[in-house]
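>>> Sequence and predicted structure are below.
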Amino acid sequence: MRFVLPLLAAFIPVVIAPGILFYFDVTPKLVILLIGVAAALILWSGELPPGSRLNRFFFALLGLQLVSLALSTAFSVAWALSLNGGNWRRFGLVPQAVILLFAALVASDCAVDRKRVTTYLKGILAGGILVALYAILQYFGWDPLLPKQSYHVGDVNLTIVRPPSTMGHASYLATYLLFVVFAAFGLIRARVWRIAAVAALVLACTAILMSGTRAALLGLIAGGIVVLWSSRSRKLAAGIAAAAVLAGLVFYLSPAGKGLRSRVAWVAAEPAGGARPLLWRDSLRMSAHHLGLGYGPETFIREFPQHESLELAREFPDFLHESPHNIFLDALIAQGIPGLSLLLAFCVWGLYAARHTPWAAAALAACMVAQLFTSFILPLSVFFFLILALLIEPGPTRKMPMLRIAGWCCALVLAGYAVRISVADRALAASNAAIDANNIAAALLDYEKAQRWALPGSSADLYYSRRIADLAGKTADLRFKAQAIHAAMRAALDATRTSEEPANAWYNFAAFASMSNAPAQVEHGLNESIEAAPNWYKPHWVLAQLYVAEHRLADAQREAELAVKCNDKAPEVLRTLENIRAAQRH
């Protein structure tokens, strides 16, 4: 256990598997966590540090968080989705429970020997250096793993480069690197690791700047203030901060800072933070309906479209909000008031426990400030709880043989869970590669395998139906074309039950039904899509066109007016309403 857990701190943020796994930046991190915690449980001696009141309070919070997650999942609006998590971050009950186990094991390890904290800091630095270096290389145009267009935004004259490194998005990368920055402060005076700490500090700050993430920069400032306020080496901290600011300014003004200057110009056009103010307001209103236990983990993407205001829909008509972009709102919506209270309790406990540990207090302060604007993904949650666990007080431990047996059983479950996720994701990747190679037969076989191994709660049916339909249009083989269209239609129908995006799934089903010349099914699909997302303009707009074809002009006008009400910026939507009104006049 003593060597496994620090390795997780190094490997979880680094691992990425494009071309091997379908969800190549999410699944590998979860699998590494599952296997690592399973291995640690097998090696665990069954000891817990009951020791001080501070320690007991931390373990009580971990237990209460597990109970809260379990209750919110049991009463979730979509229990399977809450249990296993959705596609975009896999953050359901099981993954979060594993993170809590990880924190408990790290705390037990550090309670026995406080020198182990340094070992974990070394692991954080090792992974952070690699992640930050990759982000910097991405910014300068070298990326052997990911397509550059996935993080290059804007036209030629105002191109923004927001490197995601191994974290899926620049915002998550920058927030993760905050932990690396302040872990480096924790090792800055270590003799052997001083050079590595300085390297990690420089690379992480550089990558945060290159990511163009405002929230992380605010977090960096907040953490820096904490270090300056509480550190005994204020002159050193102030010198490092001044040097960082000067270096950042020089880079910004240099030719290499063009992408960053474009980002600043972009930010100036939306100083209020884009959709966030309206998103937070709508999320808070949404939470009021389930304050007791919340909607369940991972259900925001499914439920929020029903609560999205007309104002937000009009401002961002084609945007799917996958989270409330705030960890406290996310906890409130997922777990209700108990979840929010527990997250606040963890934050307060951490700041109190870190009152004599400046680097840890700074890391927690930076994380809390930055994540007022983003939600947890798996690695960010791992590092939040890792920092908390490193603050455990040293003291005697107590062996509990029954806990060791329970740990072995739990390890077997986690290993099986990891195998199932890996096989399903690998099969999805193989199916996707077969579609790219125009091999329909192999694509169908691999996707059937993925369905057999996939965990309930969410699926790739929506994506797969569209890709197979595109492939069917490219083949001249009538037999394979018919087979592909049938498979695509079946996947589109399945998506209405399995997708975490029901409005999108029903809209997609309506599109497939239109190819089969089934207007009743088209109408049904569009109405279901509207019920799932009342202020999304597209189903209203398409339904208006269907009613025009059926000569139901009054119904067509009603839906067209609703479409314009939800999106008055699209010329084609306005034109549809004008044409309907013209037809009624004649």
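Noted; the coordinates are in hand.
>>> which residues sit against stretch 246-255?
Stretch 246-255 has contacts (CB atoms under 8 Å, 6 or more residues apart in numbering) with 205-206, 209, 257, 260-261. To be clear about C-beta, it is placed using only N, CA and C from the backbone, and glycine gets the same treatment.
>>> So for that stretch, mean pLDDT?
The pLDDT scores in stretch 246-255 average 77.
>>> could you dump that stretch to PDB, C-alpha only?
Taking Å, rounded to 0.1, in the frame of the first residue of the first chain, the C-alpha atoms of stretch 246-255 are listed here in PDB:
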ATOM      1  CA  LEU A 246       7.300  39.700 -14.600                       C
ATOM      2  CA  ALA A 247       7.900  36.500 -16.600                       C
ATOM      3  CA  GLY A 248       4.200  36.300 -17.500                       C
ATOM      4  CA  LEU A 249       4.100  39.900 -18.600                       C
ATOM      5  CA  VAL A 250       7.200  39.400 -20.800                       C
ATOM      6  CA  PHE A 251       5.600  36.300 -22.400                       C
ATOM      7  CA  TYR A 252       2.300  38.100 -22.900                       C
ATOM      8  CA  LEU A 253       3.900  40.900 -24.900                       C
ATOM      9  CA  SER A 254       6.200  38.600 -26.900                       C
ATOM     10  CA  PRO A 255       5.400  37.100 -30.300                       C
END
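>>> Asn535 is in contact with Glu308, correct?
Yes - using CB atoms under 8 Å, Glu308 is in contact with Asn535, at 5.5 Å.
>>> which one among the contacts of stretch 246-255 gets closest to Ser516?
Leu260 (50.3 Å; CB to CB).
>>> helix or strand for that closest one, which one?
Using DSSP states H and E, the element containing Leu260 is helix 258-269.
>>> Could you identify which of the contacts of stretch 246-255 has the most neighbours?
Each of the contacts of stretch 246-255 was scored by neighbours using other CB atoms under 10 Å; the highest score is Cys205's, at 25 neighbours.
>>> which non-adjacent residue is nearest that residue?
Residue nearest to Cys205 in three dimensions, not counting chain neighbours: Ala244, with 5.3 Å by CB to CB, 6 or more residues apart in numbering.
>>> For the one you found, what is the enclosing helix or strand?
helix 234-253.
>>> before we move on, the earlier item: next SSE after the helix holding Leu260?
Next helix or strand after helix 258-269 toward the C-terminus (DSSP H and E): helix 276-287.
>>> what residues does that next one touch?
Contacts for helix 276-287 (CB under 8 Å, 6+ apart): 294, 300, 303-304, 307-309, 311-312, 315, 321, 324-326, 329, 332-333, 336, 373.
>>> What's the first helix or strand after that helix?
Toward the C-terminus from helix 276-287 - assigned by DSSP H and E - lies helix 300-303.
>>> For that next one, which outside residues touch it?
77-78, 81, 86, 88, 283, 286, 295, 320-324, 330, 333-334, 500-502.
>>> What residues sit buried inside that helix?
Neighbour-count burial for helix 300-303 flags 300-303 (criterion: 16 or more other CB atoms under 10 Å).
>>> do the same with stretch 44-54
Using 16+ other CB under 10 Å as the burial criterion, the residues of stretch 44-54 that qualify are 44, 46-49, 51.
>>> Stretch 571-586 now?
Per 16+ other CB under 10 Å, stretch 571-586 contains these buried residues: 573, 576-577, 580.
>>> The nearest residue to Leu100 once chain neighbours are set aside: what secondary structure?
Distances taken as CB to CB, 6+ apart place Leu62 nearest to Leu100, at 5.1 Å, with adjacent residues excluded. The three-state label given to Leu62 by DSSP: H, G, I helix; E, B strand; the rest coil is helix.
>>> Mind giving me the PyMOL command for buried ones among the contacts of helix 300-303?
Buried members of the contacts of helix 300-303 can be picked out in PyMOL with the line below, counting by 16+ other CB under 10 Å:
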select buried, resi 78+81+86+88+283+286+295+321+322+323+324+330+333+334+500+501+502
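>>> neighbours of Ile221, just the number please.
Neighbour count for Ile221, taken as other CB under 10 Å: 14.
>>> Tally up the residues packed near the residue nearest to Arg261 when sequence neighbours are not counted, please.
Excluding its sequence neighbours, the residue lying closest to Arg261 (CB to CB, 6+ apart) is Tyr252, at 6.7 Å. Neighbour count for Tyr252, taken as other CB under 10 Å: 14.
>>> distance of Tyr252 from Arg114?
Relative to Arg114, Tyr252 is positioned 41 Å away (CB to CB, to the nearest Å).
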